[in-house]
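Novice: the sequence isn't on hand, but the structure is:
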């Protein structure tokens, strides 16, 4: 065991770091650093820069354009992106839909959809949650009734992140209305969002941002060839996807960058008597404990990746990355706001601006703090993650 | 980046684990704890035979020249079984001899340790020092060709069992000064050295050690006069990393036995593990232990490879913060989830509670290491 990077890994890190420095457009870097809303064009611009380099889909097999990296190299790349402050690669296409197609898709589905995902030509979003089906996802009610060579979809999805940009949406829909076992009546469907009958309505969050949406389906006709895997086997697909999703919620690189920002910021704040905030033991102890938790999580994350060498899927205990990763992210936003003290109150909404918006970097801190409350709720609330570990790992 | 244990490391973990499983169950431990010495020669010899006392010492000392990573799994097993033998005390004092001493001192003093014929202890902590390593007020004065030592050392773990002590004493300066601390090797039966032995809360034997005009020869000095602090900091960092591994073993046992209890204890007509209020607490114990395990790996790896003492200290302090917090959580929660049974002397988990409580404080509690981390993190 040696928890230092090998010379080869260090060389790879330097290569990635150098390339990111040279190729991340300054306006995108600044926008991301400031916590400004990134629009579709921003997100896709960065996506295409990476696609051109061949780095946009690190986890894909090489035959579909993956770079053939080891799990450690993939981790280093993610971390460097976080440290450099790149815009995110929106997960719904590259990490989620594509992973499903690679595992369950027909040859035709792969050929039709993977290139569009890779090149950033098609913006994918996810249709899972419904108004009555949050943590209890298997209770979902959106119906897809088979009529000849089409499904007719009726129902509603909610919390559809970036749904306003969606070209296509992958959905969990109910296809068996009789079955007693709810999980067995669900299918995984790909839907073109230009199809008549789809309405997207924004939900504005407490930070003022337009990030999530409601999506309504009113007699939406979907060709049966858009069914992934078998009819009524969508829950298997969803479960496979959830494991992948959780492996990406640690966000170590991003949190490292936030921690560095917080330390720099706290070193600039003084209390009027000349003491720097970072030297205040009460503040410093909180800061150090987050840093320690993050150091530990980085090693824990690497241990999971190490165990996945050779293609083994992660165990259910991977949920711990989601739990601790989001707790760290939330604590960092909270401490950042605390560090600003009274200056944290002025508010600049993440979304559309009005005349009294305060345009200063500290004005992002409160909205960001508010926005990050989502992290312990989305992708399976942290309580659901604890249920998963209790059941699947501990056998309770 | 490599998490794989070597063949030798795996073998050591296997053989120590199997031996403790077969020969160090809770009942046998109880007998050892309540014996006159509170330790077992047979267990000590066996640990030496496995190489536990050879691995961390240099080849000049007769050891294998290994590091913390090599010992890590054995320390986890020791933690799980709550072994009371003074392994860590001996490794700590031995490392001071190994790092600060001459070849002649290494061979003469550590040879018997490697063979399992000698235990050591480090007499360092004093009243008013809390966890500050530079706080040494015991004195050593030149006299004749040698030295005369005076002072009082408190709660010296392993001292009642040690044939030989490494003693820190000030040859110049005042308590708290970084310079002026020297290290001496003193036989436990030296004239003027008296001990008040007792049992610590974790059932390990310790003693107050009084030095009243103890005379030692010139060859008792380890390393350069007045330059002992760096060696002490290094040896304590190394031992703290090992202690973290021991803690993980103890926490793992606490979690395993608590989980088992949740599955078997019934109330309201069902196993209490069916209650979500308890499930989530158990999950938190599990996640915390994995995070603590990660930090123990990091600390062991860094004390073996990091040459900059500031970075080494920063990482070790980070690990000890996590371990100390985790010790508190796991020990307290494991008792709570056991209910009244967890309070009883007859349950091993109550002894794990006691050991975890001591580990949380040993070589510095979370507050101490929070302060140290902040000082080193520049």
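Specialist: Great, that's in hand. This structure is a prediction, so every number in the text was calculated from the model and none was measured. Numbering: from 1, shown residues only, chains lettered A, B, ... in the order given.

Novice: any idea how far the spatially closest residue to residue A:161 that is not a sequence neighbour is from residue A:171?
Specialist: Spatially, and ignoring its direct neighbours in sequence, residue A:161 is nearest to residue A:212 (5.4 Å; CB to CB, 6 or more residues apart in numbering or on different chains). All C-beta atoms are positioned from the backbone trio N, CA, C, and that covers glycine. Distance, residue A:212 to residue A:171, using CB to CB, to the nearest Å: 16 Å.

Novice: more neighbours: the two, which one.
Specialist: Legend: neighbour count by other CB atoms under 10 Å in any protein chain shown for residue A:212 and residue A:171, higher for residue A:171 (27 against 19).

Novice: list the residues that contact the more buried one.
Specialist: With contacts defined as CB atoms under 8 Å, 6 or more residues apart in numbering or on different chains, residue A:171 is in contact with A:127, A:128, A:142, A:153, A:157, A:188, A:189, A:190, A:191.

Novice: what helix or strand is the nearest residue to residue A:94 once chain neighbours are set aside on?
Specialist: Distances taken as CB to CB, 6+ apart put residue A:57 closest to residue A:94, at 5.2 Å, once the chain neighbours are dropped. Following DSSP states H and E, there is no helix or strand that holds residue A:57.

Novice: per-residue confidence at residue 264?
Specialist: Reading this off chain A. What the model reports for residue A:264 is a pLDDT of 95.

Novice: was after chain B, sorry
Specialist: 98.

Novice: surely it is in contact with residue B:271?
Specialist: Yes. Applying CB atoms under 8 Å, one finds residue B:264 in contact with residue B:271, separated by 6.7 Å.

Novice: pull out the buried residues from the lowest-mean-pLDDT helix or strand in chain A.
Specialist: When the helices and strands of chain A are scored by mean pLDDT, DSSP states H and E, helix A:234-247 comes last with a mean of 84. By neighbour count with 16 or more other CB atoms under 10 Å in any protein chain shown, helix A:234-247 contains the buried residues A:234-238, A:240-247.

Novice: off-centre distance for that helix?
Specialist: Here the centre of helix A:234-247 is set off from its chain's centre by 14 Å, with CA atoms, centre = their mean, to the nearest Å.

Novice: of all the helix elements in chain B, which one is longest?
Specialist: helix B:228-264 (DSSP state H).

Novice: circling back: make TSV out of the contacts of residue A:171 and add neighbour count.
Specialist: Below are these laid out as TSV (neighbours: other CB atoms under 10 Å in any protein chain shown):
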residue	neighbour count
A:127	27
A:128	21
A:142	23
A:153	24
A:157	26
A:188	27
A:189	24
A:190	22
A:191	24
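
Novice: chain B next: which of those residues are close?
Specialist: With CB under 8 Å from any CB of the partner chain as the criterion, these include none near chain B.

Novice: ok, those vs chain B, which is closest?
Specialist: Of all the contacts of residue A:171, chain B sits closest to residue A:128, with 23.3 Å by CB to the nearest CB.

Novice: just want the angle from the helix or strand encompassing residue B:281 to helix B:228-264.
Specialist: Using DSSP H and E, the element containing residue B:281 is helix B:276-305. For helix B:276-305 against helix B:228-264, the angle by axes from the mean of the first three to the mean of the last three CA atoms, to 10 degrees is 150 degrees.

Novice: who's more crowded, residue B:264 and residue B:271?
Specialist: Taking neighbours as other CB under 10 Å, residue B:264 and residue B:271 compare with residue B:271 leading, 16 against 10.

Novice: name the nearest residue to the more buried one, sequence neighbours excluded.
Specialist: Using CB to CB, 6+ apart, the nearest residue to residue B:271 is residue B:263, at 5.4 Å.

Novice: and for residue A:341?
Specialist: residue A:269 (6.9 Å).

Novice: residues of stretch B:294-311 that come out buried?
Specialist: Here stretch B:294-311 shows B:294, B:295, B:296, B:297, B:298, B:299, B:300, B:301, B:302, B:303, B:304, B:306 as buried, counting by 16+ other CB under 10 Å.
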